[in-house]
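can you look at this prediction? I've put the sequence above it.
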Amino acid sequence: MRTQTVDADIVVVGGGLAGVSAAVAAARLGRRVALINNRPVLGGNSSSEVRVWVCGATAHGNQRWARETGIIGELYRENQYRNPDGNPIYWDDVVLDTVRREPNIALFLNTEVVDASAEGPDDARRVRSVTGWTLGSEIRTTFRAPFFLDCTGDGLVGALVGARHRLGKEGRDEFGEDWAPEEPEREFLGSTLLFYTKDAGHPVKYVAPESAKDITTTPIPSSRIIRSGDSGAHYWWIEWGGRLDIVHDNERIRDELRSVILGIWDHIKNSGEFDADTLTLEWIGNLPGKREYRRFIGDHTLTQNDVLAQTSFDDGVAFGGWSIDLHPADGMYATGAGALQRFSEGVFEIPFRSLYSVNVENLLMAGRNVSATHIAFGAARVMATCAAMGEAAGAAAAMCVEHEVTPRELHATRRSELRQLLLRADASLIGVENEDPDDLARTATVTASSTRSVVGAEAPDPEAHALVDDLGLVVPVHPRLDAVHLLLSADEDTELTVEVHSTGRRQNVIPARLEHRTTVRVPGGAPAWIRADAAFAPEAPENAVVVLRANPAVRVHLTEKGVPLAPGVLTLVHRADNDDQNVQISQDELLVQWPTKPLRGRAVVFRAEPESDALAPQRAVSGFNRPFGGPNMWASAPLADGPAWLRLDWPQPVAAREMRLVFDDDLDLELNTLHHHRSPDEILPQLVRDYRLEVQRAGSDDWTVVADETANRHRLRVHPVPAEAGPFSAARLVITATNGAPEARVVAFRVQS
């Protein structure tokens, strides 16, 4: 047997998306990271071994402008470019390449942690090392570091070192959660196996093996939707083990799940109820995708009330938007729905205090083992949210190394600094302004070649759409909204009720509170522009939802499909929407009453009055980095009129080490890894394609080029400032082309000293 010792600044155990994001975040901050994974591929449940699609705050399109940025955002966009067909094998390499690209990461695949050492009293323990066994290589490795991250999902490392944790469901009174059972229960969300099918192009028989379960003896045929054309994560409901021990009974759970898959396939092929003669079974997973096990206790336990009330935390370091998604303990054998879902009205925050152990001083965690109740965990457990938490935990661990403090001490003294560090990396944060003292752009005068000052949506050949449902037109308001001009038509004279609603919270995009109502006359005949009063003047920039009440005699006119929407504009439809009949969704929330999906990517043709500052050049230095009370970006006039530029001027020369750019990549678009919702664009058209960065020395009219880029397809770009550029009094971003949008869009322009 070979033995070895590996010393690092940070040890990350678990190579799912939480662990990958944590390792990459820490490595990019200069820390030496050992990343340990017990499987031959990275990605956890999203890998080709399990093949669960990566879901997150977008919630299959239910939440608006909610897609994660940062490291998971990079992975999404790269997968969209490399893997437009959603091949899970290709996704493996997207994740692996991201890790291999970081020189500060030492990756250990096929390495199972089998032991850990810790010392200290129960309320102040410290991890000293973990020991792993590498399958096939027969190497036993001891990993030592000052800080450890448990991203194993099951919470293996924390359990080995005595970290306090929870199992199962809390009682209702412990945290005041109305969805919790009256008394605590040791029940879990179950595990799942998936399968893939393909059309062989000729008849294929199927002889069921002896292990196949006769599903006609179970509630499955009457309780679940089975379709011959579905495969993969469409069958997420093949779930079991909620009344067992998810870890200790893992083999039993796998065998039961596999027997049911074989039985479902036998039913599809041989019952005569399905058109499946030429279909064959291509792949069955052998590694159960686990949903739930240990949840560690941190200094804050995320609760149902935090999720639904969208609690704002001064240490919020990530966000989620998935529903509180609870499954019956009997899983696929339950007679009710496969899941009950309840949404928050917009994205919710996850605090840093939920990402470190309450009693192990140098242990952080990210993923499905974070500090949350069973109910809140139902919303925080999906993989893109886990990845966002991983990036935050990895960055925090890097800061702990740098400042030689524990995570609790970091929270007490440097939580604002942590949030600014994450914002600089374009991580998944909500409502965090740029307060970075090293960003020189904050003290500059910001100007631009042009600005899109009229908020609206135009179309050369708009399509008529009968107003059979209430429609909600999302309009960014800064500083005020006086009226909207709508292109309307009708067969005969009629009236239309137009309302303006505020959204309640700046990250929300729902009609929450009536602010103004008016009625306008719509004449019969050809389309005509109709002005409707829409008085709304919020104290801070905010979205308004202009509601057009249903009138089937009225036709609004829509922009064409495939043309990028104007920044900050969406169309909501007042209609119940549920694209998975195995799920029961609570209809009490406005979010699900006003979906965007029926008219995703299209807008009502309109113009807002008066002109707006919502897309002014100053928005590119605000720091929000994502929609929050408006789009928070600069948008130019159409590039057909010539190149656009964004300029920073200082009264005295400044010296900088790098410039950071963040471009718009349509955060309302879900980029699910296996393409649950398919986008035709391999490169997102809103992204800037060709640009250059220039600086101007004081007293000179000449510009020195710092960077000259073509064919860009990334959201975040970091460009070093060469020493020869010297102190400068102005910096300029010149944009000559996008990947399809008519105007240049810049979310952030930072100049870091």
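Cool, got the structure.

for the closest residue to Thr301 other than its chain neighbours, give me its contacts.
Counting by Cβ to Cβ, 6 or more residues apart in numbering, Ser371 is the residue found nearest to Thr301 once chain neighbours are left out, at 5.1 Å. (C-beta placed from N, C-alpha, C; glycine too.) Contacts for Ser371 (Cβ atoms under 8 Å, 6 or more residues apart in numbering) come out as 295-302, 353-355, 358, 365.

I'd like these as TSV, with pLDDT and secondary structure appended.
Shown next, in TSV, are the contacts of Ser371 (pLDDT from 0 to 100; DSSP: H, G, I helix; E, B strand; the rest coil):
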residue	pLDDT	secondary structure
Arg295	98	strand
Phe296	98	strand
Ile297	98	coil
Gly298	98	coil
Asp299	98	coil
His300	98	coil
Thr301	98	coil
Leu302	98	strand
Arg353	98	helix
Ser354	98	helix
Leu355	98	coil
Val358	98	coil
Met365	98	strand
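
from those, which is closest to Met332?
When the contacts of Ser371 are compared for distance to Met332, the smallest value, 23.8 Å, is given by Arg295; criterion: Cβ to Cβ.

surely that closest one touches Gly168?
No: with the criterion set as Cβ atoms under 8 Å, Arg295 and Gly168 do not qualify as a contacting pair; they are 9.4 Å apart.

so which of these two has more stuff around it?
Each of Arg295 and Gly168 had its neighbours counted (other Cβ atoms under 10 Å), and the higher figure belongs to Arg295 (28 against 16).

beta partners for that one?
Arg295 has the following beta-bridge partners by DSSP bridges: Arg166.

check contacts around it.
With contacts taken as Cβ under 8 Å, 6+ apart, Arg295 has the following neighbours: 155, 165-167, 368-374, 377.

determine which two of these are furthest apart.
The largest distance within the contacts of Arg295, taken as Cβ to Cβ, falls between Gly155 and Thr373 and amounts to 15.2 Å.

chain center to the helix or strand harbouring Arg689: distance?
Assigned by DSSP states H and E, Arg689 belongs to strand 688-696. Strand 688-696 has its average C-alpha position 29 Å from the chain's average C-alpha position, going by Cα atoms, centre = their mean, to the nearest Å.

just stretch 690-701 next, same as before
Centroid separation between stretch 690-701 and its chain, computed with Cα atoms, centre = their mean, is 36 Å.

swap in stretch 452-464?
Averaged over its C-alpha atoms, stretch 452-464 has a centre that lies 29 Å from its chain's centre (Cα atoms, centre = their mean).

what average pLDDT does stretch 17-36 get?
Averaged across stretch 17-36, pLDDT comes to 98.

quick one, strands of the stretch 651-753 of the chain?
Secondary structure of the stretch 651-753 of the chain, counting by DSSP state E, counting those that start in this stretch: strands at 658-663, 688-696, 704-709, 716-720, 728-738, 743-752.

I'd like those as JSON lines, with mean neighbour count and distance to Ser453 appended.
JSON lines is the format used below for these (neighbours: other Cβ atoms under 10 Å; distance: least, Cβ to Cβ, whole Å):
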{"stretch": "strand 658-663", "mean neighbour count": "21", "distance to Ser453": "20"}
{"stretch": "strand 688-696", "mean neighbour count": "22", "distance to Ser453": "20"}
{"stretch": "strand 704-709", "mean neighbour count": "16", "distance to Ser453": "27"}
{"stretch": "strand 716-720", "mean neighbour count": "16", "distance to Ser453": "26"}
{"stretch": "strand 728-738", "mean neighbour count": "21", "distance to Ser453": "18"}
{"stretch": "strand 743-752", "mean neighbour count": "25", "distance to Ser453": "12"}
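
just give me the closest of the contacts of Arg295 to Pro221.
Taking Cβ to Cβ as the measure, His374 is the one of the contacts of Arg295 closest to Pro221, at 29.8 Å.

that closest one and Arg291, how far apart?
11 Å (Cβ to Cβ, to the nearest Å).

how about Thr131?
Using Cβ to Cβ, one obtains 28 Å as the distance from Thr131 to Arg291.

more neighbours, these two?
Neighbour comparison, Thr131 and Arg291: the larger count goes to Arg291, with 25 against 18 (by other Cβ under 10 Å).

quick one, what contacts that one?
If a contact means Cβ under 8 Å, 6+ apart, then Arg291 has 188-192, 239, 246, 327, 368, 381 as its contacts.

likewise Pro88?
Per Cβ under 8 Å, 6+ apart, neighbours of Pro88: 46-48, 51, 673-674.

before we move on, the earlier item: with distance to Val161 as added columns, please give the strands of the stretch 651-753 of the chain in a markdown table.
Converted to a markdown table, the strands of the stretch 651-753 of the chain look like this (distance: least, Cβ to Cβ, whole Å):
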| stretch | distance to Val161 |
| --- | --- |
| strand 658-663 | 38 |
| strand 688-696 | 47 |
| strand 704-709 | 46 |
| strand 716-720 | 36 |
| strand 728-738 | 49 |
| strand 743-752 | 38 |
